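> predicted model and sequence below, questions to follow.
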Amino acid sequence: MALLLPGLMAYIVDGDLNLTAIFFFVGGFSLVFGFLSMFLLGKPARLGYDEALSIAAFGWLLLTFIGSLPFSFSGYLSPLDAFFESMSGFTATGLTMFGDRVESLPRSILFWRSFTQWIGGVGVIVLFLSVLIRSSGIAAKLYKAEGRTDRIAVNIVSTARRIWGIYILYTVLCIIGLTLLMGVGKAFDAVNVSMTCLATGGFAVTNDSMAAYPGYIAVFIIPFMLLGGISFASHRHLLKGRLKDFFTIEVRAILLIIFVSSIFIMTRQGALDSTFQTASALTGTGFSTANIAQWDDFSKFILSILMVLGGGYGSTSSALKMIRVVIIIYAVAWVVKKFLYSRKAVIPFKIGRTTYPVEEIRIATLYAILYIIVLCLGAVVFMAGGHTAADSLFEVASAEGNVGLSVGITNASMHAYEKVVLIIEMWVGRLEIFPVLTLLAVPFRKR
């Protein structure tokens, strides 16, 4: 059904019957495939957590393949490049194979790119749960498999629907604001930018991203990038006017890191570019107001760190997630305190007023270690290909963190193996590693 909108746009706006047929064919194919799968497989009597992880990982690959078909069938991209573009879309990354051809693309193709990010930003599984799933047991496992644990309603299905309600509200507000600032003639730009902004995706409808617009557009977008990078559980407090509850330690950490990082980069770059790019990097939005390839290595390094840290847990952002970073930092102080006191002393692990089980430290640390390993492996591949260490780390951090900022490495002419590496990084980063490992382990499981 998602392909119906770009299909209509291809007919009404672009006047391209070939594109119209492609969108409707792919949409019809996916619809028939979905119904056949449900009919043949039936309703599972019981779904284990490992199965939910595998379904989430495989589902993203399948969705990426279907989403790539309009790009490849239309002839605008090769099959591999189309798969890359689709993966970048559904993982809300923003790295692109179109390069400086963006402004020459039909509006239906541009809209489809943005729409993949808007769907993927809040989570394909969340959309699936909010529309189709009725079993709370299955819903809970699938919801958790996509890297989410926060609840803002009594059950997972209701939580998924409320997340979508908040997401749509913010998107509409952003569209209205940008349309007023840009003018009605730029309404198409406003819609696309709003979708990819709240999704913290970064696809743009211009070759120069946000640099193509006046500076006040970038200023307006910054708060919406932050909204996209903050947990939906916190948004519930914001919308109810409970500001004290909204400014959790995670939200405060995000704002503080953006402020401090901006100051560091301001010593080398302009104030607006510094602030915008730090917010874009940390939230994983990937919009740019400057040519980062021309920035010095220190500024690139700061942005690379921000892309690894990421935004809020339970937001549209990816990467390590700020609460994990906070847990690890507090854990260091907690361990030191335990050494200083008697061994018999019981010291709870607390962050603010919240007490966390010690298991949370192990989980956060394990994930951080695995994340860094995946990052380093990808960077080594690019360094072996002749790229500098700074540029390699930046590009891979951008892909794994689902950010989309680039120093110029990502383009259609890069080596095929480099494209595959970035595709894997985007996939692994979006699903938070464990579902991918579970899927890869399927052939080795004992029957």
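Now that the structure is in, tell me what you want to look at.
> which other helices and strands does the helix or strand where Leu173 lies contact?
Using DSSP states H and E, Leu173 sits in helix 156-182. Counting contacts by 3 or more C-beta pairs under 8 Å, 6 or more residues apart in numbering; DSSP states H and E, helix 156-182 packs against helix 107-122, helix 124-131, helix 136-145, helix 187-198, helix 215-228, helix 232-239. For glycine as for every other residue, the C-beta is placed from the backbone atoms N, C-alpha and C.
> right, and those helices - which one's nearest Ile292?
helix 215-228 (14.5 Å; C-beta to C-beta).
> taking helix 232-239 as reference, get the angle to the closest one.
Inter-element angle recorded for helix 215-228 and helix 232-239: 110 degrees (by axes from the mean of the first three to the mean of the last three C-alpha atoms, to 10 degrees).
> sorry, back to before: what's the most buried one of the helices and strands packed on helix 156-182?
Compared across these, helix 107-122 shows the largest average neighbour count, a mean of 26 (mean count of other C-beta atoms under 10 Å).
> SS state for Arg252?
Three-state assignment for Arg252 (DSSP: H, G, I helix; E, B strand; the rest coil): helix.
> which stretches of the chain have low pLDDT?
Counting by pLDDT under 70, the chain shows low-confidence ranges at 1, 38, 40-47, 124-155, 342-343, 446-447.
> and Ala204, what does it touch?
Neighbouring residues of Ala204 by C-beta atoms under 8 Å, 6 or more residues apart in numbering: 102, 192-193, 196, 210, 212, 287.
> now do 10 Å
94, 96, 102-103, 110, 113-114, 189, 192-193, 196-197, 210-213, 286-288, 404 (C-beta atoms under 10 Å, 6 or more residues apart in numbering).
> next one: Leu272
Counted by C-beta under 10 Å, 6+ apart, Leu272 has contacts 215-216, 218-219, 222, 262, 266, 289-290.
> taking those together, which two end up most distant?
Tyr216 and Met266 (19.0 Å).
> and what about Ser299, helix, strand or coil?
Following three-state DSSP, Ser299 is assigned to helix.
> what is the burial count for it?
Using other C-beta atoms under 10 Å, Ser299 has 23 neighbouring residues.
> same deal with Phe259?
12.
> one more: Gln277?
So Gln277, with other C-beta under 10 Å, has 29 neighbours.
> okay, and it sits in which element?
With DSSP H and E as criterion, Gln277 is part of helix 271-283.
> can you mark which positions in that helix are buried?
In terms of neighbour count (16 or more other C-beta atoms under 10 Å), helix 271-283 has its buried residues at 272-283.
> nearest to Val326 among those?
Leu282 (13.7 Å).
> helices of the stretch 251-400 of the chain, start to end?
Assignment of helices within the stretch 251-400 of the chain using DSSP state H, counting those that start in this stretch yields the ranges 271-283, 297-309, 322-340, 358-384, 389-400.
> okay, those in CSV with distance to Ser78 next?
CSV is the format used below for the helices of the stretch 251-400 of the chain (distance: least, C-beta to C-beta, whole Å):
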stretch, distance to Ser78
helix 271-283, 29
helix 297-309, 27
helix 322-340, 37
helix 358-384, 21
helix 389-400, 19
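> and those: which comes nearest Ser54?
Comparing these under C-beta to C-beta, the one sitting nearest is helix 358-384, at 17.7 Å.
> next, the buried residues of the closest one.
Result for helix 358-384 [16+ other C-beta under 10 Å]: buried residues 361, 364, 367-368, 371, 374-375, 378-379, 381-382.
> show me which of those residues is closest to Met307.
When those are compared for distance to Met307 (C-beta to C-beta), Leu375 comes out closest, at 9.7 Å.
> who's in contact with that closest one?
Going by C-beta under 10 Å, 6+ apart, Leu375 touches 304, 307-308, 319, 393, 396-397, 399-401, 425, 428-429.
> try 7 Å
When contacts are counted by C-beta atoms under 7 Å, 6 or more residues apart in numbering, Leu375 touches 308, 396-397, 400.
> what of Ser304?
393-394, 397 are the contacts of Ser304 under C-beta under 7 Å, 6+ apart.
> residue closest to the middle of the protein?
Nearest to the mean C-alpha position of the chain, by C-alpha atoms, centre = their mean, lies Ala92 at 3.9 Å.
> part of a strand, is that one?
No. Per three-state DSSP, Ala92 lies outside any strand segment and is coil.
> state the distance from it to Leu31.
24 Å (C-beta to C-beta, to the nearest Å).
> same deal with Ile423?
Using C-beta to C-beta, Ile423 is found at 26 Å from Leu31.
> kindly report the same for Ser304.
Ser304 is 41 Å from Leu31, by C-beta to C-beta.
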